[in-house]
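1. Give me a 3D structure for the following:
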Amino acid sequence: MFKKFVSVCLCACMLVFSGACKKEKTDITVYMPDGAPAIALAGAMHADDQDDGVCYKVVKADTIASVVSYENDGDNADICVMPVSTASKLLGNGEKYALAATLTHGNLYLISKTGETQYTADNLSTLVGKTVGVLQINAVPGLTLKATLKKHGVAYAEMKNTDEIKTDAVNLKAIADITAEDGTLNAYLVAEPAASVQVKKNGYTLVGDLQTLYGGEKGYPQAVAVVKKSLMETDSERVRTVLKQIENSCAWAQTASGEQIVAAVNAHMADSSQTTSLKAPLLYAEVVGRCGIRFESAKDGKDDITAFLSGLKAVNENAVGTALDTFFWDWE
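-> You can find the predicted model right below:
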């Protein structure tokens, strides 16, 4: 009787961590972080069924690197959506994975409670002497803001706890949680859809679009899809089919309801005891539009990716890797 009880408990535990998709040996696994990348792939997950040979899994954003880093290659994702900076650093030598497409082109915005100035390329220097709170100051958000300021010739300084506010630079202050802030800083850099939460609920105003400030209408390459090279060699046609489904999914997100997006993502959490951070009422068309979701093949986006990585490297030499030519896959 005890053995039977233990067996039942083990089965229950396996179900909790299996997610909605039960992987078969022949399935192509597609992993993505929660947030804007999951919105981009929500259409593919919405249309997914357990017999289509594709297994989608959504994980917490801070764990996505682990699914391409297992010692046993069979445990790694076949296709993984991840920040281009992380992809370049872990995989940019092109030995194990190749970059197939860019799925998101930036979702970072400046919000403020203290002023109505709309920051553009023409007046970005008016931030000098002011303080900007930055979530993930040492990751893509902070690096991209620094690269943008550098691109426009605007001086910046990263504040430490004891630093005084500098009058000849933009003061960048690391913050851990926008919901814990009182809004007294001149501006905050926050990603969508979290930025819209603050605008709708807490009296903030959108005062700057980092995508436009950095790269105009094109924004900058943010989340990319990488493909395991061993799978490219053995099953390239099926991989191409999945990439086309992902391309269609990016278009689907533009017209889907928030309820459809959240339901699709929740049904594919890698840990089925977790739920997505996305909130259906906030995923209206305008907010999804500000998530920068647009499918661009590696062939079309290679130059932008290379330039963006160079811009981040100029800010922090160790923040990104070098994307070799062999890292880009012209699969079309």
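
2. CA only for contacts and neighbour counts going forward, please
-> Will do.

3. Which helix or strand contains residue 291?
-> Residue 291 is located outside every helix and strand, with elements delineated by DSSP states H and E.

4. residues in contact with it?
-> 36, 104-107, 192-193 (C-alpha atoms under 8 Å, 6 or more residues apart in numbering).

5. 10 Å instead, please
-> 35-37, 39-40, 104-109, 191-193 (C-alpha atoms under 10 Å, 6 or more residues apart in numbering).

6. tell me the phi and psi of it?
-> Torsion angles at residue 291 (phi, psi; degrees, to the nearest 10) stand at phi -90, psi 0.

7. how far away is it from residue 104?
-> According to C-alpha to C-alpha, to the nearest Å, residue 291 stands 7 Å off from residue 104.

8. Also residue 111?
-> Taking C-alpha to C-alpha, one finds residue 111 at 20 Å from residue 104.

9. Between those two, tell me which one has more neighbours.
-> residue 111 (29 against 26; other C-alpha atoms under 10 Å).

10. Find the residue closest to the more buried one in space, skipping its chain neighbours.
-> Spatial nearest neighbour of residue 111, excluding adjacent residues (C-alpha to C-alpha, 6 or more residues apart in numbering): residue 206 at 4.5 Å.

11. The one you found: how many residues sit nearby?
-> What residue 206 shows, counting by other C-alpha under 10 Å, is a neighbour count of 22.

12. repeat for the one 10 residues further on
-> For residue 216, the number of neighbouring residues by other C-alpha under 10 Å comes to 12.

13. Ok, the one 3 residues further on next?
-> Residue crowding around residue 219 was assessed by other C-alpha under 10 Å; the count is 19.

14. how about low-confidence regions in this protein?
-> Where the chain drops to pLDDT under 70, the residues are 1-25.

15. Try it again at 90.
-> Low-confidence segments of the chain, defined by pLDDT under 90: 1-26, 49-51, 115-117, 160-164, 215, 217, 272, 319, 331-332.

16. longest single strand anywhere in it?
-> Determined from DSSP state E, the single longest strand within the chain is strand 97-104.

17. Run the chain-centre distance for it.
-> Chain-centre distance of strand 97-104: 12 Å, with C-alpha atoms, centre = their mean, to the nearest Å.

18. same thing with stretch 116-132?
-> Centre-to-centre, stretch 116-132 and its host chain are 25 Å apart (C-alpha atoms, centre = their mean).

19. So for that stretch, what gets flagged as buried?
-> The neighbour-count check on stretch 116-132 (16 or more other C-alpha atoms under 10 Å) flags 119-121, 124-125, 127-132 as buried.

20. and of the contacts of residue 291, the nearest to residue 249?
-> Of all those, residue 40 has the smallest distance to residue 249: 6.2 Å, by C-alpha to C-alpha.

21. Secondary structure element holding the closest one?
-> helix 36-46.

22. and what of residue 32?
-> If you go by DSSP H and E, residue 32 is part of strand 28-33.

23. in stretch 145-155, what counts as buried?
-> 145-150, 154-155.

24. correct me, but residue 223 touches residue 293?
-> Yes - with contact defined as C-alpha atoms under 10 Å, residue 223 reaches residue 293; the gap is 9.2 Å.

25. Return the two entries of the buried residues of stretch 116-132 that lie farthest from one another.
-> 121 and 131 (17.9 Å).

26. Strands of the stretch 201-332 of the chain, residue ranges please.
-> 205-209, 223-228, 293-297 (DSSP state E, counting those that start in this stretch).

27. Going by neighbour count, which residues of the second one are buried?
-> Using 16+ other C-alpha under 10 Å as the burial criterion, the residues of strand 223-228 that qualify are 223-228.

28. quick one: terminal-to-terminal distance for stretch 212-229?
-> 34 Å.

29. Tell me which residues touch the residue lying closest to residue 80 once chain neighbours are set aside, please.
-> Nearest residue to residue 80 in three dimensions, chain neighbours excluded: residue 31, at 4.8 Å (C-alpha to C-alpha, 6+ apart). Residue 31 makes contacts with 37-38, 41, 55-59, 64, 67-68, 76-82, 225, 268-270, as judged by C-alpha under 10 Å, 6+ apart.

30. just checking, which of those belong to helices?
-> Among the contacts of residue 31, the subset assigned to helices under DSSP state H consists of 37-38, 41.

31. Neighbour-wise, give me the winner out of those.
-> Going by other C-alpha under 10 Å, residue 41 tops the ones in helices among the contacts of residue 31 with 30 neighbours.
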